[in-house]
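**Q** give me coordinates for this.
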Amino acid sequence: MGTRYVLRVQADPADDPAEVAERMVRLAEQSGADELCVFLFGMEFNDGNPPLERIERWLDRTRPWRAAVRSAGISVSLNPGHTLGHCDWGRPRRDDWQPMVDQRGTPADVVVCPLDPGWRAYFAESLRRYVAEDLDAVWIEDDIRLHNHAPLQWGGCFCPLHLAEFARVSGVQATREEVVAACTASGEPHPWRRLWLDMWERTQLELVRSWQKIAADHGVRLGLMSSSPEAHAAEGRRWSDWLAGFDLHRPHFWGYSDVGAEALPRYAALLDAQRAQQPPGLVSYPEIECWPYGQWNKSYRQTFGQMAIAHILGCDGLAISLYDFLTNHPDDEPGRADFLADARPALDWLADTFDTTLRTVGVGVPWSQETGRAVRLGDRTGDWRALTVAHREWAGWLGATGHAVTLRGDAPVNALAGESAWAYDDATLRGWLAGGLLLDGIAARVLAERGYGELTGLSNVRELGPSDPLPVREICEDPDFSLRVGAMISVDPHINAHPAVVVGDPAPGARVVSRMTDGDGRPAGPGLVLHRNSLGGRVAVCPWPATTTVRMTPQRAAQLSAAVDWLSAGTHARVSGGPWLVPQVLTDGTRWRLVVWNAGPDEVDAVTVRLPAGMPPPTDCVQITACGKRHWVGYADGVLELSRPLRQWEFAVLTAQRP
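**A** Residues are numbered from 1 along each chain as shown. Okay, here's the model as predicted:
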């Protein structure tokens with residue numbers, strides 16, 4: 001079957017349709033595109049929600065060349081660049097609809113409240129006109145979200161319409177100030193928070209389901225672009241409910257510009273988390289977004305790596321944004337079409353090698369749709385942004401040290417970080433504690449507050465305060481869990497994070513692997529603590545917060561890797577041979593795929609691979625360069641025999657199958 005290229009493009013409606021048709025057909029043929037996703041009113045052509053007359057003009061002016069593209073055998077979809085409005089962007093203020101209002105009471109100039117009945121009627125009519133066109137699909141833009149609508153603080157909406165709806169469903173008459181104060185209060189979540197988030201979720205779902213009916217009535221598929229689950233959790237979004245009603249999904253998972261090595265394991269985990277929520281039959285086109293556009297912003301090497309990861313994690317095609325919204329001609333930079341054409345054979349091979357039935361396996365990095373409803377806030381009271389809670393950070397630390405992870409659930413070993421530990425019920429936590437569980441200090445503190453301190457191996461758990469010795473050095477004391485005894489690891493990068501460092505009293509029999517000191521060598525508390533608990537589980541507690549930026553050293557890598565291997569008894573995949581070698585493992589129980597990425601800027605000449613439990617020795621090994629060239633390589637006794645150095649954003653694929 002191969003991949004499917006969906007190129008996202010925009011053309012000026014003032015241009016001659018015949019000339020546009022020629023340009024677009026040539027672009028599709030040169031790049032190998034299967035479909036053009038046509039923007040309407042994107043970015044520089046966007047002044048908010050356009051009047052219906054302007055929509056008609058755009059449709060009239062683009063219809064001839066869209067028809068010519070379809071006649072050439074190329075599919076066409078539409079992506080109107082408006083729902084609520086991404087941001088104000090300095091556009092002229094609108095007074096015809098209720099603006100979105102943030103938690104401080106500041107109204108937007110352009111961004112609309114999704115409850116406004118006039119806007120709802122307008123957008124429904126707009127959508128009817130879009131789906132009446134001769135096309136394959138219409139995309140709902142990501143600005144249907146409630147968060148990230150600059151210049152609003154966090155987003156909204158806390159306008160009178162939402163306050164009235166909250167009063168209707170809850171029987172509570174409350175001001176905006178009272179709602180925000182109650183929902184962001186410290187301690188156990190106020191009952192209003194769940195009611196408010198449920199109200200947001202219900203009204204948003206009612207809205208998008210009405211759009212789904214409009215599209216279905218015209219036989220047109222409807223697609224949705226989405227942002228990170230952590231961000232959407234603060235607006236109460238439950239992905240399983242949202243995606244159930246859409247035909248297409250365009251998950252965002254990578255930065256718009258070039259990023260460093262530390263991003264690859266975290267971005268891969270983000271896509272894995274979103275893929276885990278997609279119901280069977282939903283078509284997935286991960287977003288290959290580049291903005292601003294061109295090689296000055298994102299290299300072809302990294303763009304190809306992003307496209308490859310999308311297929312490794314199982315998708316139906318790629319929604320590719322290499323061309324700007326300014327309607328500049330594709331021939332201004334012909335190298336883009338050449339890049340896509342050259343990359344196509346390798347991506348076709350990946351699409352066939354990694355079908356959508358494969359699932360990631362490794363150390364589990366859990367996330368929950370209920371986090372915004374369940375998290376307990378500390379001193380960030382009064383700020384809705386505190387409901388956005390980090391989940392995937394352990395994926396960055398573990399990926400950086402060569403350990404495979406999964407966000408699919410049901411892993412025998414899991415890793416919890418930060419306040420996300422509030423999101424899970426007691427049965428789930430006890431199940432993880434009975435297996436293998438890696439905790440950072442904040443997650444350990446949360447579990448202690450929930451009554452599980454004894455099972456984690458620590459009592460009297462607390463955050464270090466101003467009167468405590470300042471922990472700046474972690475000194476390794478256990479030869480089995482260190483690069484060497486006496487090796488030192490900096491805690492300094494963590495002490496400015498909030499929350500900072502957590503300590504407790506190790507339980508009798510717990511193994512204290514390292515200890516922290518202040519700058520003068522005075523004890524500041526235990527470092528890494530390992531514990532076998534009464535449930536038969538293994539728990540490792542790191543005192544520092546894993547929600548901070550990954551700062552890896554040989555000493556930290558050796559300590560962390562040994563701890564994770566102890567938790568899993570070495571049953572998960574692990575690779576070594578250089579910094580930023582990141583593995584991915586997928587299986588359906590019979591077929592196995594193990595991928596080794598070099599995310600780092602230095603070449604790697606030798607790679608050692610530990611296969612996960614259950615994976616037979618690989619029968620095929622392929623090394624893929626950043627320009628999509630494939631080279632067959634060898635594998636013997638856990639060593640990948642590379643035919644050439646593995647460079648940044650390049651990878652090797654090992655395949656195996658059980659008899």
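
**Q** drop to CA atoms for contacts and neighbour counts, all remaining ones
**A** Will do.

**Q** how about low-confidence regions in this structure?
**A** Residue ranges of the chain with pLDDT under 70: 496-499.

**Q** and the longest helix for it?
**A** In the chain, with assignment by DSSP state H, the single longest helix is helix 191-217.

**Q** can you give me the neighbour number for residue 601?
**A** 13 (other C-alpha atoms under 10 Å).

**Q** that one should be in a helix, yeah?
**A** No - under DSSP: H, G, I helix; E, B strand; the rest coil, residue 601 sits outside any helix and is assigned coil.

**Q** which SS class is the closest residue to it other than its chain neighbours?
**A** Among residues not flanking residue 601 along the chain, residue 648 sits closest, at 5.1 Å (C-alpha to C-alpha, 6 or more residues apart in numbering). Following three-state DSSP, the label given to residue 648 is coil.

**Q** check the one 5 residues further on too.
**A** Secondary structure state of residue 653, per three-state DSSP, is strand.

**Q** for the nearest residue to it once chain neighbours are set aside, what are its contacts?
**A** With sequence-adjacent residues excluded and distances taken as C-alpha to C-alpha, 6+ apart, residue 653 is closest to residue 595, at 4.6 Å. Residues in contact with residue 595 (C-alpha atoms under 8 Å, 6 or more residues apart in numbering) are 583-585, 651-654.

**Q** if we use 6 Å, what do you get?
**A** 583-584, 652-653 (C-alpha atoms under 6 Å, 6 or more residues apart in numbering).

**Q** residues near residue 637, how many?
**A** Using other C-alpha under 10 Å, the number of residues around residue 637 comes to 9.

**Q** measure it to residue 137 for me?
**A** 49 Å (C-alpha to C-alpha, to the nearest Å).

**Q** check the gap between the most centrally placed residue in the chain and residue 260 for me.
**A** With distances taken as C-alpha atoms, centre = their mean, residue 270 lies nearest the centre of the chain, 2.6 Å away. For residue 270, the distance to residue 260 equals 16 Å [C-alpha to C-alpha].

**Q** same question for residue 39.
**A** From residue 39 to residue 260 the distance is 30 Å (C-alpha to C-alpha).

**Q** in terms of neighbours, single out the busier of those two.
**A** Neighbours were tallied for residue 39 and for residue 260 using other C-alpha under 10 Å; the higher tally belongs to residue 39 (20 against 10).

**Q** next, that one: secondary structure please.
**A** Strictly by three-state DSSP, residue 39 counts as strand.

**Q** check contacts around it.
**A** 9-10, 79-80.

**Q** would you map the strands across the stretch 101-250 of the chain?
**A** Assigned by DSSP state E, counting those that start in this stretch, the strands in the stretch 101-250 of the chain fall at 107-112, 137-140, 221-226, 248-251.

**Q** I figured the residue nearest to residue 601 hits residue 598, correct?
**A** Yes - using C-alpha atoms under 6 Å, residue 648 makes contact with residue 598 at a distance of 5.3 Å.

**Q** okay, the two: which has more neighbours?
**A** Set residue 648 next to residue 598 and count neighbours by other C-alpha under 10 Å: residue 598 wins out with 25 against 22.

**Q** helix or strand right after the helix or strand where residue 431 lies?
**A** In this structure, residue 431 is located in helix 426-433 according to DSSP states H and E. Later in the chain than helix 426-433, the nearest helix or strand by DSSP H and E is strand 436-439.
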